[in-house]
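Novice: need the 3D shape of this:
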Amino acid sequence: MSTGIGIEIAREAGDDLVAAFGRLLPQLSARAVPLDREALERLLGCNANTLLIARDDEQIIGMLTLVLVPLPSGVRGHIEDVVVDESARGRGVGGGLITEALRIAGQAGARTVDLTSRPSRESANRLYEQAGFRRRESNLYRFEFAAAR
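Specialist: Coordinates of the predicted model:
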């Protein structure tokens with residue numbers, strides 16, 4: 001990763017984090033609704049979540065959420081909502097976030113770390129494969145509460 005970029009765990013929902021979510025979430029998903037301070041505090045207050053942020057000298061330029069859950073089969077990790085600001089892509093930010101998430105998961109004793117990515121996100125998929133993730137043969141099922149109501 002280039003110099004001037006740091007990866008850290010977000011610990012409080014300050015103005016810079018609220019602004020970053022407002023800027024970055026729409027780059028992740030057109031349907032994503034930016035979180036307000038209260039929602040960010042809930043996210044940060046959940047013991048299963050570790051929110052990693054990448055900063056350059058000026059602002060937060062990337063984020064990733066690592067979820068660690070103890071299950072009967074062992075601690076399992078899941079990476080969600082990886083996004084790097086369009087202006088910072090290609091600078092190693094995503095790789096730095098992934099590397100730090102895997103380090104934290106390994107220290108926590110995770111047996112596995114999973115993530116999902118749409119096939120259309122070609123550069124993200126290359127990043128995950130370069131980081132050592134392997135595609136699995138699996139069925140992914142989703143139940144959407146809005147659709148069921």
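Novice: name all residues that make contact with I53.
Specialist: Going by Cβ atoms under 8 Å, 6 or more residues apart in numbering, I53 touches I7, E8, I9, A10, L17, A20, I60, G62, M63. (C-beta placed from N, C-alpha, C; glycine too.)
Novice: what about the residue nearest the centre of the chain, which SS state?
Specialist: Geometric centre of the chain, nearest residue: L64, 2.0 Å, by Cα atoms, centre = their mean. Secondary structure, DSSP: H, G, I helix; E, B strand; the rest coil: L64 is strand.
Novice: returning to that earlier point: tabulate the contacts of I53 in CSV, adding columns for secondary structure and pLDDT.
Specialist: Below are those laid out as CSV (DSSP: H, G, I helix; E, B strand; the rest coil; pLDDT from 0 to 100):
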residue, secondary structure, pLDDT
I7, strand, 97
E8, strand, 97
I9, strand, 98
A10, coil, 97
L17, helix, 96
A20, helix, 95
I60, strand, 97
G62, strand, 97
M63, strand, 97
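Novice: any of the residues you listed buried? List them.
Specialist: Among the contacts of I53, the ones that count as buried by 16 or more other Cβ atoms under 10 Å are I7, A10, L17, A20, I60, G62, M63.
Novice: which residue is the nearest non-sequential neighbour of the fourth one?
Specialist: Right, the one you point to is A20. Setting aside the residues directly before and after it, A20 is nearest to I60 in space (Cβ to Cβ, 6 or more residues apart in numbering), at 3.7 Å.
Novice: correct me, but the one you found touches D16?
Specialist: Yes. I60 is within contact range of D16, at 6.0 Å (criterion: Cβ atoms under 8 Å).
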